[in-house]
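# Sharing a model prediction with you, sequence too.
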Amino acid sequence: MERKNILYIHGGGDVIGGIEKWLAATIGKHKKYEPYIAVVRRGAVYEHFERTGLSVHDLHGGRIKEVIKTIGAIKECMKIIDRHDIECVIGNGPHAWLYAGIISRITHKKSIFVVHNEIKKSDFSHIIQGASFRIKPTLYVANSRFTQKSVIKYLGDKCYLNYPGADRSIYDEINKNETRMSMSRALGIDPEMKIFLLAGRLQEWKGQDVAIRAFRSMKNRDGAILLIAGDISFRKDEKFKKKLLELARGCENIKFLGERYDIPELMKASDIILHTTRTPEPFGMVVAEGMMAGKPVIATKQGGPMEMIDDGLDGFLVEPYKPEKLASLMDVLSEDAERRLEVGAKAYIKAREKFSAQSSVDNLEKILDEVI
């Protein structure tokens, strides 16, 4: 059967997060559809897609307020649609959907708006988000039930659910013991130490300060290491980064790794993955990645992670901003290797079935079947 052509549109820029990881992991796994991807604004995201072997179209656009670039990007995208006989346009997030929505209206193509964040009433007063929410797609797709409920509430339309996923093959190919030894040598740490990993952009809502406070109050802190992988993406977060460095001052067992492109290796080499957001995470790609690495994940009890983890069975959930409770759980797990392995094994089984890149793209194809 001939594959139908679809076009993913991404806003581009320099921030690589869960959306970008999901796209890079899934686009190449389509079976029934031929995917193309177009990036509005060239930057680190464009390069990230290229590194994963994807063929990426540069729309040479900019911010929406840059009218000439915006018009040029729309025209360029229309050429791609015509040249490749695209049948459905997919916009990921409000910025990308604003382009995708306008283009789908002009070209009369089917369209999907993939919503990755909870929609709030205040979003409608924001220029980009407000404008994007007023353009109706053929259908909406949400990355979690948590997000899905907000779409139905504020946009009043049917919304399909499609969990993002991590690429299982990447994690399965990593040798845990070899990676742990090489990472320990590179970072100058004892491989016998219990390694806690916190991965993500340094932003206040991500709650890295909660993890630091919890780690510093652990009873078993001297036998453990807290690795913080990630850096700021916006100038406004510089103050928060300084706060984190100050909180960690004097504790040699807390190491800031900066921005890293080897998160799968870091996860496989670690013992426990932390996800300590202050406010609800719409999905939680780090949670999915940690589970795919076969590790016990401790996540905040709110938002998407509540759908991903069965507390105490294949991961753990803690109340937001409760460093003392987090510390207690970290101590318990640092002492119980058997429990870590048991929970990590169950986490891997669930991630393989529900949060893999292949399961995500397979489900999306079922949704596309209803659109095209």
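Received it, and whenever you're ready, just let me know what you need.
# Pretty sure R352 sits against A288.
No: contact between R352 and A288 fails when scored by Cβ atoms under 8 Å: they sit 10.7 Å apart. Just so you know, the C-beta spots here come from the backbone N, C-alpha and C atoms, and that holds for glycine as well.
# Give me the more crowded residue out of these two.
More crowded of R352 and A288, by other Cβ atoms under 10 Å: A288, with 29 against 19.
# Now the element after the strand or helix carrying the more buried one, going C-ward?
Following DSSP states H and E, one finds A288 within helix 285-292. Per DSSP H and E, the first helix or strand lying C-terminal to helix 285-292 is strand 297-300.
# Mind giving me the packing neighbours of that next one?
Based on contacts counted as 3 or more Cβ pairs under 8 Å, 6 or more residues apart in numbering; DSSP states H and E, the elements that strand 297-300 packs against are strand 272-275, helix 285-292, helix 305-308, strand 316-318, helix 323-335.
# can you give me how far the longest one is from the chain middle?
This means helix 323-335. Remark: helix 323-335 is offset 25 Å from the chain centroid, using Cα atoms, centre = their mean, to the nearest Å.
# Quick check: buried residues in that helix?
P323, L326, A327, S328, L329, M330, D331, L333, S334 (16 or more other Cβ atoms under 10 Å).
# angle of the helix or strand following that helix against helix 323-335?
Later in the chain than helix 323-335, the nearest helix or strand by DSSP H and E is helix 337-354. For helix 337-354 against helix 323-335, the angle by axes from the mean of the first three to the mean of the last three Cα atoms, to 10 degrees is 100 degrees.
# Show me what the next helix or strand after helix 337-354 is in contact with.
Next helix or strand after helix 337-354 toward the C-terminus (DSSP H and E): helix 357-371. Applying Cβ atoms under 8 Å, 6 or more residues apart in numbering, the set of residues contacting helix 357-371 from outside is 4, 6, 22, 25-27, 29-33, 88, 110, 112, 138-139, 141, 160, 162-168, 353.
# what distance separates the start and the end of stretch 247-265?
27 Å (Cα to Cα, to the nearest Å).
# whoops, I mixed them up, stretch 87-98
From its first residue to its last, stretch 87-98 covers 18 Å (Cα to Cα).
# centre of the chain versus that stretch, how much separation?
With Cα atoms, centre = their mean, you get 17 Å for stretch 87-98.
# Low-confidence ranges, the stretch 201-350 of the chain, go.
Regions of the stretch 201-350 of the chain meeting the criterion pLDDT under 70 are absent.
# same question, the stretch 1-150 of the chain
Using pLDDT under 70, the flagged stretches of the stretch 1-150 of the chain are 1.
# Quick one: the strands in it, in order.
4-12, 33-41, 56-58, 88-92, 110-115, 139-142 (DSSP state E, counting those that start in this stretch).
# Report the residue ranges of every domain in the protein.
Residue ranges for the domains of the chain, per automatic domain parsing: 4-165+356-371, 168-354.
# Please state the offset of the shortest one from the chain centre?
The chain centroid and the centroid of domain 4-165+356-371 are separated by 15 Å under Cα atoms, centre = their mean.
# And stretch 238-247, by the same measure?
23 Å.
# ok, and what's touching it?
L202, Q203, E204, Q208, D209, I212, R213, R216, I228, D231, I232, F256.
# Which one (most neighbours) among the residues you listed?
Q208 (27 neighbours).
# list the contacts for that residue?
L198, G200, L202, I228, G230, L244, T276.
# which one of the residues you listed has the most neighbours?
Top of those by neighbour count (other Cβ under 10 Å): L198, with 27 neighbours.
# State the phi and psi torsions of that one.
When read as degrees, to the nearest 10, the backbone of L198 gives phi -120, psi 120.
# Can you give me the distance of it to D237?
15 Å (Cβ to Cβ, to the nearest Å).
# Same check on I80?
34 Å.
# cool, D123 as well?
21 Å.
# Same question for R3.
In terms of Cβ to Cβ, R3 sits 42 Å off from D237.
# How much space separates M181 from D190?
11 Å.
# For the stretch 151-300 of the chain, which segments count as helices?
168-172, 176-187, 208-216, 238-248, 263-269, 285-292 (DSSP state H, counting those that start in this stretch).
# looking at those helices, which is buried most?
Stretch with highest mean neighbour count among those: helix 285-292 (a mean of 29; mean count of other Cβ atoms under 10 Å).
# Measure how it sits relative to helix 357-371, angle-wise.
120 degrees.
# start at 15 instead
From this message on, residue numbering opens at 15, which makes the last subject helix 299-306.
# what does helix 299-306 contact?
So helix 299-306 is contacted by 31-32, 35-36, 177-180, 182, 185, 211, 213-214, 277-278, 281, 287, 289, 295, 311, 313, 318-319, 322-323, 328-329, 361-362, 364-366, 369-370 (Cβ under 8 Å, 6+ apart).
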